[in-house]
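*Asks:* Structure for the following, please:
(one chain, ligands or ions: 1)
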Amino acid sequence: MQVHLFLKIGGVHLRPFLQVLFLMPALLGFLQGTAQGDDILRAEYFPKSVKQGDGCLVRVWGPSFKSIHGEVQGQRFPMAPRTEEGAYQGLIGIGMNTRPATYEIKIVATSGDGRVFSKVLLLKVAKANFGTEKLSLPPGMVDLDGKALERVHNEAGRLKALFQIDRDERLWKGAFISPVEGKLSSTFGLGRVINGQRKSPHTGVDLEAREGTPVMASNHGVAVLVDSLFFSGNSVILDHGWGFFSMYFHLSQALVKEGERVPAGAMLGRVGSTGRSTGPHLHWGVRIRETHVDPLSVLRLDGYLRE
Ligand SMILES: [Zn+2]
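*Replies:* Numbers count the residues shown, from 1 in each chain. The predicted model follows:
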């Protein structure tokens, strides 16, 4: 089996599908001749067992190609250049609402002399059990007045526009790291009933840590948002390229500027409890294009992403 992966971070809304990153240009090769590849390409995906909400790495081995990309659910995603061990790799995000089923991931590669190779990898997505929690929050943070609603609406629009950016440069490199040493206090995908009202599920993980604990960049990236937002408080969003974003919410303070390039492990700010929060913690989100994925699933790719 073969797979290409690509990860996304962050966000707010969920899409039912495998959302794939970057769309890249055309499949000219299919018009030129018969695609082949079963004996030339070898592909795999990681983790071996994929469930709803996972980030998934697709890796392909073969000779040196002029171009290579993956396709899933009609969307293209880019593959990174060969790693030292001679593989191409890409990341895809499996939405928390993706129907458990088997999906086709197609890999298309073109050699220097124009021959096209393709291979289909079957990706089996299992159901995840996300669970539900009940929370009580001050009514002012739940039943929003007109002014607050307008602010939330504007901020949602800004975030949506931000996540449309497809930086045609892969900044992420190697394994992702946890941004803070903290206790996992709320998991990804958790359904939430706040003051008796069902709200959208949790799109990241909450890591409980003392106020002021340093928060680090989980990989190389560019700070594309540094601001105070209604729900997420003092927030930093990093663009890691190829549609992969990570976000860091409820900070007591941010220590980077918008537009600043940061290396993995750089200090982005400090843990706080700003925005809609009941105590000091970091909300850490990961988004691959339109898909929020479980940041912990990205951490688990550690051994496969190390370069
Ligand atoms: Zn959270």
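*Asks:* For the stretch 101-250 of the chain, which residues are neighbours of the ion?
*Replies:* For the stretch 101-250 of the chain, the residues in contact with the ion (Cβ under 5 Å from the ion) are Asp206. Quick note: C-beta positions are derived from backbone N, CA and C, even for glycine.
*Asks:* in the stretch 101-250 of the chain, which spans are strands?
*Replies:* 101-110, 116-126, 132-135, 183-186, 191-194, 197-199, 204-208, 214-216, 221-229, 233-239, 244-251 (DSSP state E, counting those that start in this stretch).
*Asks:* Would you mind confirming that Ile94 is in contact with Ala126?
*Replies:* No - between Ile94 and Ala126 there is no contact under Cβ atoms under 8 Å: 9.8 Å.
*Asks:* More neighbours: those two, which one.
*Replies:* Ile94 (27 against 12; other Cβ atoms under 10 Å).
*Asks:* Quickly list what that one is bridged to.
*Replies:* Leu18 (DSSP bridges).
*Asks:* ok, now which ones touch it?
*Replies:* Leu18, Val50, Lys51, Gln52, Gly53, Asp54, Gly55, Cys56, Val125, Thr291, Val293 (Cβ atoms under 8 Å, 6 or more residues apart in numbering).
*Asks:* With Glu211 instead?
*Replies:* So Glu211 contacts Ser252, Arg270, Val271, Gly272, Ser273, Pro280 (Cβ under 8 Å, 6+ apart).
*Asks:* Once you drop chain neighbours, what's closest to it?
*Replies:* Pro280 (4.2 Å; Cβ to Cβ, 6 or more residues apart in numbering).
*Asks:* repeat for Tyr304
*Replies:* Phe46 (4.7 Å).
*Asks:* any idea how far Asp113 is from that neighbour?
*Replies:* Separation of Phe46 from Asp113 (Cβ to Cβ, to the nearest Å): 31 Å.
*Asks:* Next: Lys257.
*Replies:* 47 Å.
*Asks:* ok, the two, which is more surrounded?
*Replies:* Lys257 (9 against 6).
*Asks:* surely Leu282 meets Ser246?
*Replies:* No - using Cβ under 8 Å, Leu282 is not in contact with Ser246; the gap is 11.2 Å.
*Asks:* residues shared between the contacts of these two?
*Replies:* What both Leu282 and Ser246 touch, as defined by Cβ under 8 Å, 6+ apart, is the set Pro179.
*Asks:* can you point me to the longest helix in the protein?
*Replies:* Ranked by number of residues, the top helix in the chain under DSSP state H is helix 146-163.
*Asks:* any idea of the angle that helix forms with strand 233-239?
*Replies:* 10 degrees (axes from the mean of the first three to the mean of the last three Cα atoms, to 10 degrees).
*Asks:* quick check: mean pLDDT across helix 146-163?
*Replies:* Mean pLDDT, helix 146-163: 93.
*Asks:* quick one: buried residues of that helix?
*Replies:* Residues of helix 146-163 classed as buried by neighbour count (16 or more other Cβ atoms under 10 Å): Glu155, Leu159, Leu162, Phe163.
*Asks:* Where does the stretch 201-307 of the chain get nearest to the ion, which residue?
*Replies:* The ion sits closest to His283 of the stretch 201-307 of the chain, with a gap of 3.3 Å, by Cβ to the ion.
*Asks:* Which secondary structure elements does the longest helix of the chain sit against?
*Replies:* strand 221-229 (3 or more Cβ pairs under 8 Å, 6 or more residues apart in numbering; DSSP states H and E).
*Asks:* Quickly run through the sheet partners of the strand it packs on, with directions.
*Replies:* Short version: by DSSP bridges, strand 221-229 pairs with strand 233-239 (antiparallel), strand 261-262 (antiparallel).
*Asks:* centre of the chain versus that strand, how much separation?
*Replies:* 16 Å (Cα atoms, centre = their mean, to the nearest Å).
*Asks:* how about the CA coordinates for it, as CSV?
*Replies:* Extracted in CSV, the C-alpha atoms of strand 221-229 (Å, rounded to 0.1, in the frame of the first residue of the first chain):
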residue,chain,number,x,y,z
GLY,A,221,6.7,28.1,10.6
VAL,A,222,5.6,31.7,10.2
ALA,A,223,3.4,33.5,12.7
VAL,A,224,0.4,34.5,10.5
LEU,A,225,-1.9,35.6,13.4
VAL,A,226,-0.9,37.2,16.7
ASP,A,227,-3.9,38.8,18.3
SER,A,228,-6.5,38.7,21.0
LEU,A,229,-9.7,36.9,19.9
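*Asks:* for the record, mean pLDDT for it?
*Replies:* If you average the pLDDT over strand 221-229, you get 98.
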